[in-house]
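A.B. asks: starting from these lines, generate the structure:
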Amino acid sequence: MSAHPEDRTTIDMFSSPRPGRPRSSPYDRAQQSRFNKRSQRMRDKHAGLHRVEVKLPADVLARVDEICEELGLSRSEVMDAALKQWLHL
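C.D. replies: Next up is the predicted model:
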């Protein structure tokens with residue numbers, strides 16, 4: 001019987017006890033990051049959001065960041081509002 005590195009139920013079966021304070025998670029940072037990203041993708045999917053990658057010129061992005069600071073919003077919120085206005089949604 002072998003243990004898969006992402007196995008959450010038998011992680012303690014194959015590990016030796018260590019002295020000192022127990023770790024808050026039995027997984028290394030890379031695996032925790034993968035779990036968190038997967039969870040975030042699932043939350044976004046259930047919220048009806050889709051991921052889009054866009055390349056913008058530096059001056060456009062700088063202006064977007066200025067507007068974000070003025071309005072106290074995130075980049076995605078500002079771009080969402082701008083696109084909705086432009087598309088008349």
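
A.B. asks: average pLDDT across the longest helix seen in the chain?
C.D. replies: Criterion DSSP state H: the longest helix present in the chain is helix 29-46. Averaged across helix 29-46, pLDDT comes to 92.

A.B. asks: could you dump the helix or strand just after that helix to CSV, C-alpha only?
C.D. replies: Using DSSP states H and E, the helix or strand that follows helix 29-46 in sequence is helix 58-71. Taking C-alpha atoms only, helix 58-71 is exported to CSV below (Å, rounded to 0.1, in the frame of the first residue of the first chain):
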residue,chain,number,x,y,z
ALA,A,58,2.0,49.7,-19.2
ASP,A,59,0.4,53.1,-19.5
VAL,A,60,-3.1,51.6,-19.7
LEU,A,61,-2.5,49.5,-16.6
ALA,A,62,-1.0,52.5,-14.7
ARG,A,63,-4.2,54.4,-15.4
VAL,A,64,-6.3,51.4,-14.3
ASP,A,65,-4.3,51.3,-11.1
GLU,A,66,-4.9,55.0,-10.5
ILE,A,67,-8.7,54.6,-10.9
CYS,A,68,-8.5,51.6,-8.6
GLU,A,69,-7.0,53.8,-5.9
GLU,A,70,-9.4,56.6,-6.4
LEU,A,71,-12.5,54.3,-6.2
